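> Curious how this folds, go ahead:
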Amino acid sequence: MTLSDCRLLVTGGAGFIGSNLANALAADNDVVVVDDCYLGTPENLDDRVEFVDASVLEDDLPTDVDVVFHLAALSSYAMHEEDPRRGVRVNVEGFVNTVDQARQDGCETVVYASTSSIYGSQTTPSPEEMPVAVNTGYEASKLARERYAEYFSNHYGLTMAGMRFFSVYQGYDGAEEHKGEYANVIAQFADDIARGESPVLYGDGTQTRDFTHVDDVVRALILAAEHRLDGVYNVGTEQRYSFNQVVDLLNEELDAAVEPTYVENPIPDSVYVHDTCADNTKLHEETGWEPEIEFERGIREVCAGYLE
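So this is what the prediction gives:
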């Protein structure tokens, strides 16, 4: 399948990743976005995108489409700790509700957001077949999605591609700004340093992430739909950078010398993911995808708006 002249639904499509995806797809397709504006804003969207202000928990969603990209979610540990029942409703019930409506409308292809957090702390690349576990409500909700996706695939024959994202970033100059305190640390640290304020790092700053640029994530999502992938797939670069390295690179790019402030990690050690690193072999072998935006270039793009 080629995503051209198709009707496509992006849930959570006014948010960070969703709006980048919707805008990219709108060049050649009829794209409708569903978002309740909790973590998104229609201001992120291209004029060609149809916006529907609705929750994924509602009936009569616009699921008469060729492909559903389900990105709507409460997307952080803190959100789920604050209101666990809401987290389940949005992340699990909202997923099942959307996919089942799409199924009844004849849609057979779904690409949805999962998470790399279920691998726990890993300093070596994590393949999809390795054992996973859940230590937070957020992780439990995403793993529940994967199990329900397996049900929809096995029972109804839908193709269900679960994309395990690794630390997606863009910067406040893009659609990530609306997430505020829930934005990737790169966006938060860059904004702090650009304003001469000390970025706050948990612990000693040695924790590492496989930082993946949103443009590479968008390409992965589109390829997953075009290849009608079924199963779970890592979307990451196979490289790790520490928070200390991020601060150093941002200081260098912004011609600054702002020292970070180190604080005790408020998240318990038993649930905090200290290190992440993707093994993207499976996605590459099945679609040809590989990351195109090297980290130093991504840092330059994050900082560019502050240097104009």
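> OK, contacts around the nearest residue in space to residue 243 that is not next to it in sequence?
Nearest non-adjacent residue to residue 243, counting by C-beta to C-beta, 6 or more residues apart in numbering: residue 205, 4.5 Å away. (Each C-beta comes from the backbone N, C-alpha and C, glycine too.) Residue 205 makes contact with 242, 243, 244, 247, 260, 262, according to C-beta atoms under 8 Å, 6 or more residues apart in numbering.
> mind running it again at 10 Å?
With contacts defined as C-beta atoms under 10 Å, 6 or more residues apart in numbering, residue 205 is in contact with 199, 242, 243, 244, 245, 246, 247, 248, 260, 261, 262.
> Might you calculate how far the longest helix seen in the chain sits from the centre of the chain?
Identified as the longest helix of the chain according to DSSP state H is helix 137-156. The chain centroid and the centroid of helix 137-156 are separated by 17 Å under C-alpha atoms, centre = their mean, to the nearest Å.
> Run through the neighbouring helices and strands of it.
Here helix 137-156 touches helix 77-82, helix 84-88, helix 94-104, strand 109-115, strand 159-165, strand 231-235, going by 3 or more C-beta pairs under 10 Å, 6 or more residues apart in numbering; DSSP states H and E.
> Find the residue closest to residue 101 in space, skipping its chain neighbours.
Residue 101 sits nearest to residue 63 (C-beta to C-beta, 6+ apart), 4.3 Å away.
> Number of residues surrounding the one you found?
21 (other C-beta atoms under 10 Å).
> Also the one 3 residues further on?
One way to gauge burial is a neighbour count; for residue 66, by other C-beta under 10 Å, it gives 19.
> for the closest residue in space to it that isn't next to it in sequence, phi and psi?
In space, and not counting its chain neighbours, residue 66 is closest to residue 6: 4.2 Å by C-beta to C-beta, 6+ apart. Note on residue 6: backbone dihedrals following degrees, to the nearest 10 are phi -110, psi 160.
> residues contacting residue 6?
By C-beta under 10 Å, 6+ apart, the contact list for residue 6 reads 25, 28, 29, 30, 31, 65, 66, 67, 109, 225, 226.
> hang on, the second one packs against residue 4?
Yes: taking contact to mean C-beta atoms under 10 Å, the distance of 4.6 Å between residue 28 and residue 4 places them in contact.
> Neighbour count: these two, which is higher?
More crowded of residue 28 and residue 4, by other C-beta under 10 Å: residue 28, with 13 against 10.
> ok so, going back, what comes up buried for the longest helix of the chain?
Within helix 137-156, the residues scored as buried using 16 or more other C-beta atoms under 10 Å are 137-146, 148-149, 152-153.
> Just the angle for that helix relative to strand 109-115, thanks.
Helix 137-156 and strand 109-115 are oriented at 160 degrees to each other (axes from the mean of the first three to the mean of the last three C-alpha atoms, to 10 degrees).
> Quickly list the domain ranges of the protein.
7-169+212-236, 175-207+240-276+294-307 (automatic domain parsing).
> can I get those in CSV with mean pLDDT and distance to residue 282?
Below are the domains of the chain laid out as CSV (pLDDT from 0 to 100; distance: least, C-beta to C-beta, whole Å):
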stretch, mean pLDDT, distance to residue 282
domain 7-169+212-236, 97, 6
domain 175-207+240-276+294-307, 95, 17
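> Among those domains, which comes closest to residue 285?
With C-beta to C-beta as the measure, domain 7-169+212-236 is the member of those nearest residue 285 (10.3 Å).
> separation between the residue nearest to residue 101 and residue 27?
Distance, residue 63 to residue 27, by C-beta to C-beta, to the nearest Å: 22 Å.
> Over to residue 97?
Residue 97 is 29 Å from residue 27, by C-beta to C-beta.
> Which one's more surrounded, those two?
Taking other C-beta under 10 Å, residue 97 and residue 27 do not tie; residue 97 has more neighbours (18 against 10).
> For that one, give its distance to residue 215.
Residue 97 is 30 Å from residue 215, by C-beta to C-beta.
> Quick one: the strands in the chain, in order.
Under the criterion DSSP state E, strands of the chain are mapped to 7-11, 30-35, 50-53, 67-70, 109-115, 159-165, 168-169, 200-202, 208-209, 212-213, 231-235, 241-242, 261-263.
> so what's residue 75 up against?
Counting by C-beta under 10 Å, 6+ apart, residue 75 touches 12, 15-17, 39, 87, 90-91, 113, 115, 138, 141-142, 165, 168, 179, 182.
> Can you get me a residue count around the residue nearest to residue 78 when sequence neighbours are not counted?
Distances taken as C-beta to C-beta, 6+ apart place residue 182 nearest to residue 78, at 7.8 Å, with adjacent residues excluded. Neighbourhood size, residue 182 [other C-beta under 10 Å]: 16.
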